[in-house]
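Q: After the sequence you'll find the predicted model.
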Amino acid sequence: MKPLVLIAAPLIDIRPLAKILEKQFEIAIALDGEKAIFATRQRYPDVILLDEKIQLPDGCGVCARLREELPDGCDIPVLFLLDSGTHRRRAREQGAVDYLHKPFESEEVLTRVQTFASLSQMHRAQKRYSDALEVKVKERTKALEESRRETIYMLARAGEFNDTDTGEHIWRMSAYANALALEAKASQRECELLHLAAPMHDIGKIGIPDSILKKPAKLDAEEWQVMMSHTTLGRDILLESQDPLFQMGALIAHQHHERWDGRGYPLGIKEDAISVWARIVAVADVFDALTMKRPYKEAWPVEKAMDILQQDSGSHFDPRMVALFRGILPEILRIKESFVRR
């Protein structure tokens with residue numbers, strides 16, 4: 001296919017230019033600025049030859065309008081057709097890459113149009129390649145993210161292997177945590193990390209003996225010490241990676257049983273000394289546990305679960321997080337319902 005040249009000029013100038021170019025180029029013509037814009041919209045030319053007198057009815061220059069309406073059109077080389085004596089600076093100021101003086105010389109016209117047509121086609125070929133490469137990179141990134149998510153799911157399920165829940169708990173809870181983090185004004189990136197880090201909060205339970213995890217009776221003091229160690233085990237497992245996702249996961253795994261009043265474990269820290277991500281997960285995790293049906297209990301009504309959160313606000317839970325959670329309860333219930341429908 002021949003390169004396309006759009007000539008936007010009075011008919012008296014179009015005829016000699018078309019005669020010079022017609023053997024090597026496909027020619028499109030426009031007698032005014034509106035037609036030039038319309039023709040460019042229909043098919044991007046490789047080169048535009050634009051008479052300096054061609055304007056749009058509103059007084060705007062054709063080059064300026066191309067930049068406004070057709071971002072990709074900014075890459076089309078425009079050569080101004082100038083009357084003898086017109087300074088080339090005027091052409092540059094209006095967006096031209098080069099100019100041709102009247103009367104036209106065949107060799108000069110051909111050489112310059114060929115040069116810019118070749119550059120234009122090379123640029124477009126490069127852009128097509130870049131666009132295709134970008135699509136491939138996005139596809140690969142998506143595949144890697146899916147693989148990462150699957151890995152996290154397996155890690156999280158390993159921590160809850162003895163749980164009869166299907167695994168929806170960890171993702172439902174993380175969806176609650178994500179909604180709460182958004183309400184707490186966390187950044188989009190932080191929320192994305194939290195959504196994937198929260199499910200790993202109990203990964204340390206993989207190191208707790210079944211005799212303790214499955215014991216039907218109350219744990220004695222020694223067994224309880226072992227059970228509490230799942231927080232430190234989880235942290236140590238996740239700190240093996242320098243990935244910010246697993247670093248956040250380590251914080252959550254280590255501190256999600258800390259309490260606002262300092263009576264939690266394993267560190268006994270309180271208030272803002274507890275990671276905000278652990279404070280968010282603590283609220284989301286307890287709410288989900290209370291409203292889930294388990295072999296040993298029925299699901300609690302949402303109102304009763306919220307009463308427990310409110311009752312323990314300022315003792316077990318960060319009071320600000322409880323208040324924010326209550327404020328987004330309609331969104332929490334929408335998330336809850338979305339998992340029921342699956």
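A: Alright, I've got the coordinates. Computed from a prediction, not measured in an experiment: that's the story for all the values here. Residues are numbered from 1 along each chain as shown.
Q: Skipping adjacent residues, who's closest to residue 316 in space?
A: residue 259 (5.1 Å; C-beta to C-beta, 6 or more residues apart in numbering). C-beta coordinates here come from the backbone N, C-alpha and C atoms, glycine included.
Q: Ramachandran coordinates for that neighbour?
A: phi -120, psi 150 (degrees, to the nearest 10).
Q: pretty sure it is touching residue 318, no?
A: No - using C-beta atoms under 8 Å as the test, residue 259 is too far from residue 318 to be in contact (9.7 Å).
Q: more crowded one of those two?
A: residue 318 (23 against 20; other C-beta atoms under 10 Å).
Q: confidence score at the more buried one?
A: pLDDT for residue 318: 98.
Q: which ones are touching it?
A: 260, 271, 274, 279, 282, 283 (C-beta atoms under 8 Å, 6 or more residues apart in numbering).
Q: For the longest helix belonging to the chain, enumerate the helices and strands it packs against.
A: When the chain is scanned for its longest helix (criterion: DSSP state H), the result is helix 106-159. Contacts defined by 3 or more C-beta pairs under 8 Å, 6 or more residues apart in numbering; DSSP states H and E place helix 106-159 against helix 11-21, strand 47-51, strand 78-82, strand 98-101, helix 168-183, helix 188-197.
Q: how much space between the residue of the chain most remote from its centre and residue 325?
A: Distance from the C-alpha centroid of the chain peaks at residue 103, with 54.1 Å (C-alpha atoms, centre = their mean). Per C-beta to C-beta, to the nearest Å, residue 103 is found 79 Å from residue 325.
Q: and if you look at residue 152?
A: 24 Å.
Q: before we move on, what about residue 219?
A: Applying C-beta to C-beta to residue 219 and residue 325 gives a distance of 29 Å.
Q: still on that earlier bit, dump the helices and strands packed on helix 106-159 to CSV, plus distance to residue 40, mean neighbour count and mean pLDDT.
A: Listed next are the helices and strands packed on helix 106-159 as CSV, based on distance: least, C-beta to C-beta, whole Å; neighbours: other C-beta atoms under 10 Å; pLDDT from 0 to 100:
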stretch, distance to residue 40, mean neighbour count, mean pLDDT
helix 11-21, 16, 16, 93
strand 47-51, 7, 27, 93
strand 78-82, 10, 23, 90
strand 98-101, 18, 18, 87
helix 168-183, 43, 22, 92
helix 188-197, 37, 18, 93
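Q: right, so of these, which gets closest to residue 288?
A: helix 168-183 (4.4 Å; C-beta to C-beta).
Q: and the closest one, what other elements does it pack with?
A: Helix 168-183 packs on helix 106-159, helix 188-197, helix 276-291, helix 319-327, helix 329-340, going by 3+ C-beta pairs under 8 Å, 6+ apart.
Q: right, and the helix or strand after the second one?
A: Meaning helix 188-197. Helices and strands here follow DSSP states H and E; after helix 188-197, the next one along the chain is helix 210-213.
Q: That following helix: what's the following helix or strand?
A: helix 221-228.
Q: Work out the gap between that next one and the centre of the chain.
A: 43 Å (C-alpha atoms, centre = their mean, to the nearest Å).
Q: where does the residue nearest to residue 228 when sequence neighbours are not counted land on pLDDT?
A: Using C-beta to C-beta, 6+ apart and skipping the chain neighbours, the partner closest in space to residue 228 is residue 265 (4.9 Å). For residue 265, the pLDDT comes out at 96.
Q: Please report how far residue 265 lies from residue 31.
A: 83 Å.
Q: need the contact list for residue 309.
A: So residue 309 contacts 283, 286, 287, 317, 322, 325, 326 (C-beta under 8 Å, 6+ apart).
Q: hang on, residue 169 packs against residue 286?
A: No - in this structure, residue 169 is not within contact of residue 286 by C-beta under 8 Å, at 12.0 Å.
Q: Please enumerate the shared neighbours of those two.
A: Counting by C-beta under 8 Å, 6+ apart, nothing touches both residue 169 and residue 286.
Q: before we move on, the earlier item: for the contacts of residue 309, which one is nearest residue 242?
A: Among the contacts of residue 309, and counting by C-beta to C-beta, the member closest to residue 242 is residue 283, at 28.3 Å.
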